[in-house]
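Colleague: Next input, structure requested:
(one chain, ligands or ions: 2)
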Amino acid sequence: MADDHESSPGPPTTAILFGATGDLARRKLLPGLLHLWRSGLLPEMRVVGTSLDEHDRDSFVQLAREAVAEFSSDELDKDEFEEFATLLHWAPSGTEQLVAAVKEAEADCTQPHTRLHYLSVPPSAALSVVHQLRDAGLVEGSRIVMEKPFGTDLDSARSLNASIHEVFEEEQVFRIDHFLGKEAALNILAFRFANGLFEPIWHRNFIDHVQIDIPETLGLEGRSAFYEKTGAYRDMVVTHLFQVLAFTAMESPVALDPQSITEEKYKVFRSMLPIDPDDVVRGQYDGYRAGDGVDPDSETETFIALKCFVDNWRWADVPFFLRTGKQLAEGQRIISIAFKEPPKSMFPDGSGVGEHGPDHLTFDLADSSKMSLSFYGKRPGPGFRLDKLSMQFAMQDTDWAGSGLEAYERLILEAVKGNRTLFTTAEGVERLWEISADLLADPPPVRRYAAGSWGPNQIHQLIAPAAWRLPFEREWRDPS
Ligand SMILES: NC(=O)C1=CN([C@@H]2O[C@H](COP(=O)(O)OP(=O)(O)OC[C@H]3O[C@@H](n4cnc5c(N)ncnc54)[C@H](OP(=O)(O)O)[C@@H]3O)[C@@H](O)[C@H]2O)C=CC1
Ligand SMILES: O=C1O[C@H](COP(=O)(O)O)[C@@H](O)[C@H](O)[C@H]1O
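Modeller: Ligands and ions are numbered 1, 2, ... in the order given. Okay, here's the model as predicted:
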C-alpha cells in the first residue's frame with residue numbers, strides 16, 4: 001500500500017466471477033468492477049461470469065445491466081454500461097467451458113492479464129471451485145479472493161486452509177473482509193498513527209472501555225437458510241467486528257505494508273483471551289423461526305453482545321464490548337472509546353459532571369466517515385452547570401465528499417495489485433476460531449427480542465456499570 005498507491009491503475013485483469021448471479025455479485029461486485037474500469041483504475045479488464053445457473057453471454061449481460069441499474073450509486077457508471085458490456089463473458093458450468101470462456105475473453109488482449117478468481121459462492125462450494133481451477137490449469141500466476149466465512153470453527157478453518165494451500169500458495173490467497181476496505185475503517189489508522197494527539201492516551205491508563213456496536217435494521221430477506229447455519233457470531237463478530245477491534249487495539253505498525261500491518265493485527269488476536277460464554281448474550285428476533293429454511297425450534301442467534309479482552313500491556317483489564325444483530329432499532333456502525341473519569345471532581349453534586357456517561361471518542365464507520373469527541377463543558381449562564389458537548393467531523397463536509405472507493409472496489413483493486421495489507425491471513429483466522437472455541441462448544445441460551453428493539457434486556461447487565469452509547473442521546477449534526 002505504501003509503494004503502490006491506490007490511485008494508481010491496476011494491471012490488465014481478467015476477473016473470473018464464480019457465483020456471478022448471486023446476491024453479492026449483483027449488489028457489489030458487478031457495479032464495483034464497472035466503477036473500477038470506468039474510473040481508469042482497472043482500464044484493461046475482462047470479466048468472466050459463471051455459476052450453476054443456465055446463462056449465456058447475452059443473459060449474463062442483461063443480469064449485469066439490471067444489477068448496475070439497481071445497485072450502482074454512480075449515474076455515470078449506469079450511462080457507460082453498454083461499453084462495459086462488451087468486456088463481459090459467460091462460462092457455462094464445467095471445467096472445459098471455463099477454460100474456453102477465459103480464452104475467448106482474453107483473445108484480443110495484447111498484454112498478459114492478471115487473473116483474479118473471485119469466489120462469491122456459498123462456503124460449501126468454495127473448495128470445489130478451487131479444485132476446478134486446479135483442473136482447468138488456471139492457478140499459476142493468478143490470485144484468488146475467498147469470501148467469508150472462512151470455516152465455521154477451528155477444525156474446519158484449518159482444514160479449509162490446508163486444502164486451499166494444496167492448490168494455491170498463501171501469497172495468492174486474498175481472504176476478504178469488506179469492513180477492512182471501508183474508508184472509515186482505514187481512517188482509524190490515519191487518526192491513530194498520523195497524529196500525536198491521541199496515541200499517548202490510547203491505553204489502559206486513560207481508557208475505561210471500548211464499544212464496537214453494529215446494529216442492523218435489516219432482517220434476513222432471502223438469506224435465512226444461509227444464516228440459519230451461521231448466526232450473528234460467525235457472520236459478523238469472528239469476521240468484521242474482530243477485524244475492526246484489531247485496527248482499534250493494535251500497536252503502531254513499522255510501515256504501511258502488508259507484513260507490518262498483518263503482524264500487528266495478529267499480535268492483537270494472539271493477546272485476546274478466549275471468549276467466556278458467561279460474557280455473552282445471544283438473542284433471536286421474534287419471527288425469525290418462520291423464515292424459509294429455518295428450523296422451527298432454531299437456536300441460531302440473530303443478535304449477539306459480548307465482552308472480550310486483549311490481554312497485553314496496553315489493554316489488560318480494559319473491556320471491549322461488541323454488539324451486532326438483525327432487526328434492531330437502528331442501523332449504525334460505531335466504535336466508541338470511553339475515557340476514564342477524572343480521579344477527583346471539584347464540581348459539586350448536581351453540577352451535571354458524569355451525568356451523561358464518560359467523555360468519549362466515537363468513530364462512525366458509515367460510508368462517509370464521521371468522528372465525534374464528546375466532553376463536558378460549562379453551560380453558558382450563571383453558576384457552574386455542566387453538560388455534554390461535542391466536536392464533530394464529517395468527511396461529507398469536506399471537499400473530498402464522494403471521492404472514496406466503495407469497500408469492495410478498494411479490495412478488488414488491492415487484490416489485483418497483489419497487495420495483501422487489507423486482507424486476513426490463515427493464521428489470523430485460525431486464532432480467532434481458537435479464542436471462540438469455548439463459546440461455540442457451550443453457547444449461552446438464545447433469548448427472544450422484539451423486532452425493532454435493541455435486543456434482549458440482559459445486554460445492560462453485561463456492560464454495567466457503563467451503558468451502551470447507542471442509541472445516541474443526540475443525533476450526529478447534519479454537516480450541511
Ligand atoms: N450477500 C452479501 O451481502 C454478502 C455475502 N458474502 C459472502 O459471499 C458469498 C456469496 O454470497 P451471496 O452472493 O449472498 O450468495 P447467493 O446464494 O446469493 O449466491 C451464490 C452464488 O454462487 C453460485 N454457486 C453456488 N455453488 C456454486 C458452484 N459450485 N460453482 C459456481 N457457482 C456456484 C450460485 O449459483 P446458483 O444461483 O446457480 O446456485 C450463486 O450465483 C458467500 O460466501 C457469503 O458468505 C459476504 C459478505 C456479504
Ligand atoms: O458480511 C456481512 O456484512 C453485512 C453488513 O455489511 P455492511 O457493509 O452493509 O454494513 C451484513 O448485513 C451481513 O449479514 C454480513 O454477511
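Colleague: could you pull out the strands for the stretch 201-350 of the chain?
Modeller: When assigned using DSSP state E, counting those that start in this stretch, the strands of the stretch 201-350 of the chain occupy the ranges 207-215, 280-285, 303-308, 320-325, 334-339.
Colleague: Quick one: list the elements packing against the fourth one.
Modeller: Identification of packing neighbours for strand 320-325 by 3 or more C-beta pairs under 8 Å, 6 or more residues apart in numbering; DSSP states H and E yields strand 207-215, helix 242-249, strand 303-308, helix 458-463. (Each C-beta comes from the backbone N, C-alpha and C, glycine too.)
Colleague: Minimum distance to R223: which of these has it?
Modeller: strand 303-308 (15.6 Å; C-beta to C-beta).
Colleague: and the closest one, which residues are buried?
Modeller: By neighbour count with 16 or more other C-beta atoms under 10 Å, strand 303-308 contains the buried residues 303-308.
Colleague: can you redo those residues as a markdown table with distance to E264 and pLDDT?
Modeller: Output for those, formatted as a markdown table (distance: C-beta to C-beta, whole Å; pLDDT from 0 to 100):
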| residue | distance to E264 | pLDDT |
| --- | --- | --- |
| F303 | 31 | 98 |
| I304 | 26 | 98 |
| A305 | 27 | 98 |
| L306 | 23 | 98 |
| K307 | 23 | 98 |
| C308 | 18 | 98 |
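Colleague: Which two among the residues you listed are spaced furthest apart?
Modeller: Maximum pairwise distance in the buried residues of strand 303-308, criterion C-beta to C-beta, is 16.5 Å, between F303 and C308.
Colleague: re the thing from before, turn the strands of the stretch 201-350 of the chain into JSON lines, including distance to K182.
Modeller: Written out in JSON lines, the entries for the strands of the stretch 201-350 of the chain read as follows (distance: least, C-beta to C-beta, whole Å):
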{"stretch": "strand 207-215", "distance to K182": "11"}
{"stretch": "strand 280-285", "distance to K182": "25"}
{"stretch": "strand 303-308", "distance to K182": "21"}
{"stretch": "strand 320-325", "distance to K182": "15"}
{"stretch": "strand 334-339", "distance to K182": "12"}
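Colleague: For my notes, please list those in JSON lines and give distance to ligand 2 for each entry.
Modeller: Conversion of these to JSON lines gives the following (distance: least, C-beta to the nearest ligand atom, whole Å):
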{"stretch": "strand 207-215", "distance to ligand 2": "7"}
{"stretch": "strand 280-285", "distance to ligand 2": "13"}
{"stretch": "strand 303-308", "distance to ligand 2": "12"}
{"stretch": "strand 320-325", "distance to ligand 2": "9"}
{"stretch": "strand 334-339", "distance to ligand 2": "12"}
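Colleague: Which residues are in contact with the residue in the stretch 101-250 of the chain that ligand 2 sits nearest to?
Modeller: Ranking the residues of the stretch 101-250 of the chain by distance to ligand 2 (C-beta to the nearest ligand atom) places D235 first, at 4.7 Å. D235 is in contact with 149, 227, counting by C-beta atoms under 8 Å, 6 or more residues apart in numbering.
Colleague: out of the strands of the stretch 201-350 of the chain, nearest to S73?
Modeller: When these are compared for distance to S73 using C-beta to C-beta, the nearest one is strand 207-215, at 21.0 Å.
Colleague: Give me the pLDDT for V353.
Modeller: Per-residue confidence for V353 comes out at a pLDDT of 89.
Colleague: ok, it touching M346?
Modeller: No. Taking contacts as C-beta atoms under 8 Å, V353 lies outside contact range of M346: 9.2 Å.
Colleague: ok, these two, which is more surrounded?
Modeller: When V353 and M346 are compared for neighbours, V353 comes out ahead with 19 against 8, by other C-beta atoms under 10 Å.
Colleague: On the three-state scheme, that one is what?
Modeller: With DSSP: H, G, I helix; E, B strand; the rest coil as the basis, the three-state label of V353 is coil.
Colleague: Now for the residue most central in space within the chain: which residues touch it?
Modeller: In the chain, the C-alpha nearest the mean C-alpha coordinate belongs to F179, at 2.2 Å (C-alpha atoms, centre = their mean). Contacts of F179 were listed using C-beta under 8 Å, 6+ apart, and they are 185, 239-240, 243-244, 365, 407.
Colleague: Check those and tell me the two furthest apart.
Modeller: Going by C-beta to C-beta, the pair spanning those furthest: T239 and L365, at 14.1 Å.
Colleague: Is it possible to get TSV of the buried residues of strand 303-308 that adds distance to P122?
Modeller: Compiled in TSV, the buried residues of strand 303-308 are given as follows (distance: C-beta to C-beta, whole Å):
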residue	distance to P122
F303	23
I304	22
A305	27
L306	26
K307	32
C308	28
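Colleague: Pretty sure D364 sits against Q392.
Modeller: No. Under the criterion of C-beta under 8 Å, D364 is not in contact with Q392, lying 9.5 Å apart.
Colleague: Of these two, give the one with the bigger neighbour count.
Modeller: Neighbours were counted for D364 and for Q392 using other C-beta under 10 Å; D364 has more, 21 against 16.
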